[in-house]
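Trainee: Sequence and predicted structure below; questions after.
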Amino acid sequence: MDNFIRRWKRFLPESVLCVPQYSAASFTADLAAGITVGLVALPLAMAFAIASGMAPQAGIYCAVVTGFLISLLGGSRLQIGGPTGAFVVVVAGIIAQHGIHGLFLCTMMAGVILIVMGLTGLGKAVQFIPRPVVMGFTNGIAVLIASTQIRDFFGLRLENNPGEFFSRMRELIAHAGTVSLSATLLGIATIAVIFLVRRISKRLPGYIVAMVVGTAAAALLHLPVETIGSRFGGIPSGLPHWEVPSFHGELILPLIAPAITIAMLGAIESLMSAMVADNMSSGRHNPNVELVAQGVANVISPLVGGLPATGAIARTATNIRSGGRTPVAGILHAVTLLAILIFAAPLARFVPMSVLAAILFVVSYYMGQWQETIRLLRVNLTAVAVWLVTFGLTVVADLTTAVEFGMILAALTFIRSVAESTAVSPVTTDFIRTVRMHGLHDKEIPDYVEIFSVQGALLFGAAQKLEIIQDRLDTLPPIVILRLRGMSAVDATGLAAIEELHSRLIASGRSLLLCGAKEHPARMINQPVFVQQIGAENICIHIQAALDRAGQIMREREQPVAAGSED
């Protein structure tokens with residue numbers, strides 16, 4: 001078994017790779033985490049389905065089937081898959097234009113695209129999408145999801161919730177006089193419970209606690225609010241019904257663009273989630289195996305009437321915080337949802353719509369990653385422009401258009417950055433002295449230091465090159481110096497990659513120093529938001545200053561030891 005795993009490791013899912021080390025202790029930890037994540041996923045799955053224009057059971061069916069397949073076949077040890085907010089706007093648009101069968105066909109087409117991406121080794125190609133573009137449409141989706149929940153949160157008597165943003169806002173304002181005090185207070189209370197539970201313990205499933213408390217309050221107080229039962233007639237008990245959807249060939253061409261959008265969103269969201277899992281657990285995912293698993297899940301999901309699926313960042317983080325160790329936790333999360341579907345589905349009819357809307361408000365807030373957006377927008381005007389175009393088009397147009405224009409603008413800024421980093425200068429006495437100060441040939445490198453040199457532009461698409469350092473994390477000395485003398489340019493994605501490396505090194509008890517950045521990249525590096533993250537004292541003008549700083553760090557580390565030995 002061990003020989004087989006070593007030989008085929010890069011093709012095998014994590015569920016197979018973890019078998020040799022799996023134990024009873026691992027199962028106990030995975031069981032607790034799986035049940036917790038399953039409870040967290042329940043209200044989210046229903047809320048995402050309703051916000052997409054489908055029945056609540058469609059979200060649960062999707063979470064059960066895709067959650068099981070993504071954990072079983074995926075390349076991330078702790079990734080949790082299922083329906084997410086990223087697809088809400090896209091799904092609602094496809095259903096409005098092409099109907100439910102158009103959505104099923106589109107989801108399966110997206111699944112095939114993801115499988116092809118994984119099999120052809122394009123898993124890392126997603127990293128070529130610049131950070132401002134990713135944040136732009138992530139923020140835009142968060143705003144759109146929140147806007148679709150205003151009606152239910154306030155209990156407005158509004159027959160239709162228009163798909164276009166400004167039309168929806170006009171209708172909501174026009175019907176503001178129909179607000180329900182009961183629904184509004186229940187929604188506010190639900191949000192308060194979620195944040196209160198988060199303050200008490202991050203291990204507690206805040207969403208499920210809020211849903212149970214809100215549902216119980218509405219039932220005991222006989223509040224006049226709309227529920228899942230009054231709108232949808234409840235959720236049917238039992239296993240999902242397997243059925244091959246009826247497809248129409250004339251829909252294939254019109255659905256190509258939406259299918260590519262779903263595939264790209266699924267790839268981006270799942271690999272971002274896998275990276276979050278890596279950072280929280282010091283693991284490493286296989287992006288190509290992960291995309292194949294995502295593709296298979298999306299091909300199967302329509303067979304049970306489910307939504308598109310991808311990696312879910314919040315549920316993945318919950319899995320890790322709850323003690324999950326292997327993909328078995330994700331499989332057990334799907335089993336938990338299935339058990340709820342079989343034995344407790346009738347109870348879902350009592351869940352108020354305002355409670356689910358409140359849950360989605362909180363999801364939208366965390367999905368937006370607004371603090372990271374603020375930091376990103378402090379980088380430079382170019383990043384702001386790319387973000388603004390992508391964000392604006394996501395809200396007022398659609399995701400496909402937003403990503404297309406965002407990528408075009410990012411490509412143009414890439415060309416501009418490369419052009420600005422090219423220079424021709426005379427060799428003078430000062431130039432020779434500067435080269436000597438930055439040179440390594442006469443420097444003594446201590447054992448506690450390892451130096452890595454960056455050559456060329458550290459822009460989007462190349463930022464993942466720093467992974468070579470993370471791959472050697474366990475064998476690195478206490479201090480790593482990143483020599484930037486050969487770096488011609490850096491952008492927001494490159495800075496984010498350096499920050500991620502810094503976080504990984506700090507978490508492992510090591511330090512990161514930067515040195516020797518030239519004029520153009522130095523302007524980016526010396527921005528306050530980046531300097532605050534790395535530390536001004538750890539950004540050095542040349543290699544000798546970095547070595548001196550490394551010696552200072554080592555002396556500071558040894559002082560407490562020396563003091564303790566005297567006692």
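Mentor: Cool, the structure landed.

Trainee: With residue 346 as the reference, measure out to the residue nearest to residue 191 when sequence neighbours are not counted.
Mentor: Computed as C-beta to C-beta, 6 or more residues apart in numbering, the closest residue to residue 191 that is not its neighbour in sequence is residue 358, at 4.9 Å. For glycine as for every other residue, the C-beta is placed from the backbone atoms N, C-alpha and C. Using C-beta to C-beta, to the nearest Å, residue 358 is found at 23 Å from residue 346.

Trainee: same thing with residue 536?
Mentor: For residue 536, the distance to residue 346 - C-beta to C-beta - is 61 Å.

Trainee: Have a look at the two and say which one is more surrounded.
Mentor: Using other C-beta atoms under 10 Å as the criterion, residue 536 and residue 346 rank with residue 346 on top: 12 against 9.

Trainee: which residues touch the more buried one?
Mentor: 234, 235, 237 (C-beta atoms under 8 Å, 6 or more residues apart in numbering).

Trainee: List only those of those flagged as buried.
Mentor: 234, 235 (16 or more other C-beta atoms under 10 Å).

Trainee: and which of the contacts of residue 346 is nearest residue 251?
Mentor: Proximity to residue 251 was ranked across the contacts of residue 346 by C-beta to C-beta; first place goes to residue 235, at 28.6 Å.

Trainee: That closest one reaches residue 348, doesn't it?
Mentor: Yes. At 4.5 Å, residue 235 counts as touching residue 348 under the criterion of C-beta atoms under 8 Å.

Trainee: Next, show the common contact partners of the two.
Mentor: With C-beta under 8 Å, 6+ apart as the test, residue 235 and residue 348 both reach 46, 56, 228.

Trainee: Please work out how many residues are found near the last one.
Mentor: Pointing back at residue 228 there. Residue 228: 24 neighbours (other C-beta under 10 Å).

Trainee: What residues does the residue nearest to it when sequence neighbours are not counted make contact with?
Mentor: Spatial nearest neighbour of residue 228, excluding adjacent residues (C-beta to C-beta, 6+ apart): residue 351 at 4.9 Å. Applying C-beta under 8 Å, 6+ apart, we find residue 351 in contact with 43, 46, 211, 214, 215, 227, 228.

Trainee: and what of residue 553?
Mentor: Counted by C-beta under 8 Å, 6+ apart, residue 553 has contacts 478, 479, 511.

Trainee: any idea how far the first one is from residue 511?
Mentor: Spatial separation of residue 478 from residue 511 under the definition C-beta to C-beta is 7 Å.

Trainee: So those two - more neighbours on which side?
Mentor: A count of neighbours by other C-beta under 10 Å puts residue 511 above the other of residue 478 and residue 511, at 21 against 17.

Trainee: measure the more buried one to residue 467 for me?
Mentor: From residue 511 to residue 467 the distance is 19 Å (C-beta to C-beta).

Trainee: partner strands of the lengthiest strand in the chain, parallel or antiparallel?
Mentor: In terms of residue count, the longest strand belonging to the chain (DSSP state E) is strand 479-490. The strands beside strand 479-490 in its sheet (DSSP bridges) come out as strand 449-458 (parallel), strand 511-515 (parallel).

Trainee: out of these, which comes closest to residue 123?
Mentor: That would be strand 449-458 among those, by C-beta to C-beta, at 20.8 Å.

Trainee: what's next to that closest one, contact-wise?
Mentor: Contacts for strand 449-458 (C-beta under 8 Å, 6+ apart): 417-418, 421, 440, 445, 462, 465-466, 468-469, 476-477, 479-491, 494, 497-498, 521, 543, 547, 550.

Trainee: Same check on stretch 322-339?
Mentor: Contacts for stretch 322-339 (C-beta under 8 Å, 6+ apart): 13-15, 18, 22, 26-27, 29-39, 41-42, 45, 60, 63-65, 67-68, 70-72, 74, 77-81, 203, 239, 315, 319.

Trainee: returning to that earlier point: want to try JSON lines for the contacts of residue 351, with secondary structure as columns?
Mentor: Listed next are those as JSON lines, based on DSSP: H, G, I helix; E, B strand; the rest coil:
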{"residue": "43", "secondary structure": "helix"}
{"residue": "46", "secondary structure": "helix"}
{"residue": "211", "secondary structure": "helix"}
{"residue": "214", "secondary structure": "helix"}
{"residue": "215", "secondary structure": "helix"}
{"residue": "227", "secondary structure": "strand"}
{"residue": "228", "secondary structure": "helix"}
